[in-house]
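Asks: Okay, sequence plus prediction incoming.
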Amino acid sequence: MNSSYYKYCIVPQCKSTTRKTPNKLFIYVPNSEQIRKKWLKLARRDDVHSLSTNSRMYFCADHFDVCKRIAILTVPPACPLPVG
Ligand SMILES: [Zn+2]
């Protein structure tokens, strides 16, 4: 029952998971609905409505890079996610 430790990146086409890439940093998407919507939009997830704020979501470090430290607090609009 250690499934709670399993994390995967919610960015489309990103295959990062704690199993495949255990050394990768996964950044928890804050529970705030506003922030989640913003992050999901950046990640180009269109299925925002189906994603509850109660569920755990993570972005892997690939999508933060230099913006990582700021992104933990908020996603600056000038910090595009390199998708694909
Ligand atoms: Zn990722």
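Replies: That came through fine.

Asks: From now on I want contacts and neighbour counts done on CA atoms only, so please keep to that.
Replies: Fine.

Asks: Looking at strand pairing, list the partners for residue 26.
Replies: Taking DSSP bridges as the rule, residue 26 bridges to residue 60.

Asks: burial of it, as a residue count?
Replies: For residue 26, the count of nearby residues is 21 (other CA atoms under 10 Å).

Asks: Quick one, grab the pLDDT at it.
Replies: At residue 26, the predicted lDDT confidence score is 87.

Asks: Same question for the one 4 residues further on.
Replies: Here the pLDDT value assigned to residue 30 is 81.

Asks: How about the one 3 residues further on?
Replies: The score at residue 33 is 82. That number is its pLDDT.

Asks: ok, for it, nearest residue in space, not its chain neighbours?
Replies: Counting by CA to CA, 6 or more residues apart in numbering, residue 33 lies nearest to residue 53, which is 6.2 Å off, once chain neighbours are set aside.

Asks: Hmm, residue 28 and the one you found touching each other?
Replies: No: at 11.9 Å, residue 53 does not count as touching residue 28 under the criterion of CA atoms under 8 Å.

Asks: These two - which one has more neighbours?
Replies: Using other CA under 10 Å as the criterion, residue 53 and residue 28 rank with residue 53 on top: 17 against 14.

Asks: Helices of this structure, start to end?
Replies: 33-42, 68-73 (DSSP state H).

Asks: Could I get the contacting residues of the residue nearest to residue 9 when sequence neighbours are not counted?
Replies: Excluding the flanking residues, the one nearest residue 9 by CA to CA, 6+ apart is residue 59, at 4.7 Å. The neighbours of residue 59, taking CA atoms under 8 Å, 6 or more residues apart in numbering as the test, are 8, 9, 10, 11, 26, 27, 28, 29.
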